[in-house]
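S.K.: Attaching a predicted model along with its sequence, questions to come.
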Amino acid sequence: MTTLVTGAAGFIGFHVAQRLIARGEQVLGVDSLNDYYSPQLKRDRLAELSGHGDAFAFAHVDFADHAALDRALAGQSIRRIVHLGAQAGVRYSIENPRAYVQANLVGHLNLLEVARGLSAPMVYASSSSVYGGNDTTPFRVEDRVDHPLSLYAATKKADELMSETYAHLYRVPLTGLRFFTVYGPWGRPDMAMWLFADAILQDRPIRVFNNGDMRRDFTYIDDIVTGIVAALDNPPPDDGQVKAGGSRSPHRLYNIGNNRSEELGRLIDLIEAACGKPAVRDYHPMQAGDVKETYADISAIQRDLSFQPTTTIDEGVPRFIDWFRRYHGI
């Protein structure tokens with residue numbers, strides 16, 4: 001059985017591919033290796049995956065190009081799909097909107113078409129960003145998400161709507177996961193954890209937005225992967241019953257987070273301790289498109305898939321810093 005993983009050179013896709021390979025599965029990864037952040041980091045992740053021999057195959061392709069994607073998948077015995085590839089980043093979407101429409105809308109449609117053509121269940125990445133300025137915490141999948149604060153969030157909400165349509169029309173089993181601030185080894189350089197560690201270790205100030213008055217539901221990568229694999233192993237049934245997120249079609253929506261909202265200042269304290277030096281905190285106002293707090297209600301995924309995060313930031317932050325030092329030889 002081959003599982004297609006899009007964004008396989010990305011942070012979460014890389015870890016999902018590793019977990020599936022460790023279970024004895026075959027993985028076909030696709031990725032465009034774009035330069036939103038260092039392509040070398042993506043190539044280094046692929047090098048790790050390639051060390052598993054025939055269990056991992058890779059196709060360098062832009063999944064927003066449906067003809068190129070079809071050619072790359074021709075002849076493959078794909079049975080399941082984990083669609084994690086996307087143009088990420090809330091702030092980048094404000095200056096580069098077309099990149100998000102192409103990758104996150106056109107690309108998502110292309111993967112829905114692949115899933116329909118193969119009659120393959122698909123797990124796909126949504127985002128906690130869909131909750132916008134929701135001031136009722138914790139965020140529940142039943143909450144209205146009609147007021148996104150960034151184009152990135154709008155594309156992720158649109159992906160959920162397109163998925164609902166495909167589940168209704170074609171009965172394709174689909175599961176959307178709203179990720180909450182994922183971090184850990186092999187993470188993304190545009191995320192706060194990486195930016196803070198890099199600045200502190202090189203004696204540069206860190207930029208702290210909203211004058212530090214922010215909270216996030218930080219979720220360790222191993223917990224995220226456990227949730228993704230559980231969703232992959234348990235596609236939603238086509239039984240006409242109401243699913244998480246409200247659908248009667250075979251389509252579920254889940255929050256996947258740590259179920260804790262942590263103060264940004266506490267995160268910085270932990271990074272300082274793991275780095276062994278204090279940060280110079282340069283305070284700034286809130287950035288456009290950003291939100292003050294995220295906090296995941298994970299009761300639906302706990303109920304349906306027995307998901308339970310196990311890694312606190314007290315454990316996860318030192319693990320990330322240890323990897324960061326090794327990767328950079330610091």
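M.R.: Yes, it's here.

S.K.: Return the residues in contact with residue 268.
M.R.: Taking CB atoms under 8 Å, 6 or more residues apart in numbering, we find residue 268 in contact with 196, 206, 208, 279, 281. C-betas here are computed from N, CA, C, even on glycine.

S.K.: let's see it at 7 Å
M.R.: 196, 279 (CB atoms under 7 Å, 6 or more residues apart in numbering).

S.K.: can you check residue 116 too?
M.R.: 166, 170, 172.

S.K.: where along this structure do the strands fall?
M.R.: 2-6, 26-31, 56-60, 78-83, 122-127, 174-179, 182-183, 206-208, 215-216, 219-220, 251-256, 262-263, 281-283 (DSSP state E).

S.K.: ok, so what distance separates the nearest residue to residue 97 once chain neighbours are set aside from residue 63?
M.R.: For residue 97, ignoring the flanking residues on the chain, the nearest one in space by CB to CB, 6 or more residues apart in numbering is residue 151 at 5.0 Å. According to CB to CB, to the nearest Å, residue 151 stands 19 Å off from residue 63.

S.K.: if we can go back for a sec, quick one, which of the strands of the chain is packed in tightest?
M.R.: Across the strands of the chain, averaging neighbours per residue (mean count of other CB atoms under 10 Å) puts strand 251-256 on top, at a mean of 28.

S.K.: Low-confidence ranges, this protein, go.
M.R.: Within the chain, the ranges that satisfy pLDDT under 70 run 289.

S.K.: Okay, angle between the helix ranked longest in it and strand 174-179 too, please.
M.R.: Using DSSP state H, we find that the single longest helix of the chain is helix 151-170. For helix 151-170 against strand 174-179, the angle by axes from the mean of the first three to the mean of the last three CA atoms, to 10 degrees is 160 degrees.

S.K.: The strands of the chain: which one's closest to residue 37?
M.R.: strand 26-31 (12.6 Å; CB to CB).

S.K.: Please name every helix or strand in contact with that closest one.
M.R.: Counting contacts by 3 or more CB pairs under 7 Å, 6 or more residues apart in numbering; DSSP states H and E, strand 26-31 is packed against strand 2-6, helix 11-22, strand 56-60.

S.K.: Please convert those to TSV, extending it with distance to residue 84.
M.R.: Conversion of these to TSV gives the following (distance: least, CB to CB, whole Å):
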stretch	distance to residue 84
strand 2-6	6
helix 11-22	4
strand 56-60	14
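
S.K.: Quick check: bridge partners of residue 126?
M.R.: Bridge pairing for residue 126 (DSSP bridges) gives the partners residue 178.

S.K.: I'd guessed it sits against residue 177; true?
M.R.: Yes: contact criterion CB atoms under 7 Å: residue 126 and residue 177 qualify, at 6.0 Å.

S.K.: since we're on residue 328, how many residues are nearby?
M.R.: Applying the criterion other CB atoms under 10 Å, we find 11 residues in the vicinity of residue 328.

S.K.: My error: substitute residue 195 in the last question.
M.R.: 15.

S.K.: so who does it touch?
M.R.: Counting by CB under 7 Å, 6+ apart, residue 195 touches residue 206.

S.K.: Report the separation between it and residue 288.
M.R.: If you go by CB to CB, the gap between residue 195 and residue 288 works out to 18 Å.

S.K.: mind checking how far residue 85 is from residue 146?
M.R.: Look at residue 85 and residue 146: by CB to CB, they are 26 Å apart.

S.K.: Please say which of these two ends up with more neighbours.
M.R.: A side-by-side neighbour count of residue 85 and residue 146, using other CB under 10 Å, places residue 85 first with 29 against 8.

S.K.: didn't the more buried one look like it was pressed against residue 4?
M.R.: No: the criterion here is CB under 7 Å, and residue 85 misses it with residue 4 at 10.4 Å.

S.K.: Residue 123 reaches residue 227, doesn't it?
M.R.: No: Residue 123 lies out of contact with residue 227 (CB under 7 Å); the separation is 9.4 Å.
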